[in-house]
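In: Take a look and give me a structure for this.
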Amino acid sequence: MPASVRTAVIADPAGTLLALDFDGTLAHIVDDPTQAYAHERSVAALARLGRVLGQVAIVTGRPVRQALELGGFAGVEGFEQLVIWGQYGAEQWDATTSEIVEPDRPEPISRLADELPGWLEERGAGHVRIEDKGLAIAVHTRGIDASLLDELAQPLADLAGGLGLVVEPGRQVIEMRAPGVDKGDSVRALASRLGARQVIFAGDDLGDLPAFAAVEDLRRSGVGGLLICSASAEQDALVARADIVLDGPDAVADWLEQLADEF
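Out: Residues are numbered from 1 along each chain as shown. Just a heads-up that it's a prediction; the model follows:
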């Protein structure tokens, strides 16, 4: 990491927020999102860092319950202070209480869930994978046909807009959700709650751009900031804005281990 931020983190770990995306950062992207388990070495390194840093947080588009299951975080020594903010921050879990805050399902999402299978079938796309996240609906084409996502992108955006929903494009996925909190809001809230003097954020995809922007804003206010891109051939939107570019979740695991070794 840049020398000045590295020095600050080592000197002041209690003032450091480490926030990370899940898919593509802590876990490899796979065809079946229910099988995207967190990298074992990353989990072990985060448990070590959880003992010394002021706050370790997972900020993900996944529902909290999925992130807990796929990450194996609950009940692990070192994660006593871990927080997971799922669905971009609309859902929250805190290890200190083990309680999950889950808002009610928005009515437009229920309507979308009812309409979407038939809508896709009418467009010759009934074979794509639909993931119902409760507060959002995602359409996956990974392992099916990459070009299909481009064909569906604008019609899905129109469908979502008609229901008052926003679209979150990703790596072979289009997610539709209610407007509101994004990862930038979550990073700002976590940094404020800790009184963070250093903020590190690691992500891989378009949904992480608001978090990158939040760290850039915090830098301008005098908070030390470090931006990490977990890079892939599928998405390069974060590369130019990152301080460190890593070659996917394996390299993220290496980096987390190296940071943990500093303590």
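
In: Can you pull the domain assignment for the chain?
Out: Residue ranges for each domain of the chain read 3-103+181-261, 107-177, as given by automatic domain parsing.

In: Quick one: end-to-end length of the last one, please.
Out: Translated: domain 107-177. Length of domain 107-177, first residue to last, Cα to Cα, to the nearest Å: 11 Å.

In: how far does that domain sit from the chain's center?
Out: When C-alpha coordinates are averaged (Cα atoms, centre = their mean, to the nearest Å), domain 107-177 and its chain have centres 19 Å apart.

In: Doesn't residue 232 belong to a helix?
Out: No - inclusion of residue 232 in a helix is not indicated when DSSP: H, G, I helix; E, B strand; the rest coil is applied; the result is coil.

In: residues touching the closest residue to it other than its chain neighbours, list them.
Out: Distances taken as Cβ to Cβ, 6 or more residues apart in numbering place residue 248 nearest to residue 232, at 6.0 Å, with adjacent residues excluded. Just so you know, the C-beta spots here come from the backbone N, C-alpha and C atoms, and that holds for glycine as well. Taking Cβ atoms under 8 Å, 6 or more residues apart in numbering, we find residue 248 in contact with 24, 28, 204, 230, 231, 232.

In: quick one, which of the domains of the chain is packed in tightest?
Out: Relative to the other members of the domains of the chain, domain 3-103+181-261 carries the highest mean neighbour count by mean count of other Cβ atoms under 10 Å, namely a mean of 19.

In: Would you single out the least confident of the domains of the chain?
Out: With a mean of 89, domain 107-177 has the lowest mean pLDDT of these.
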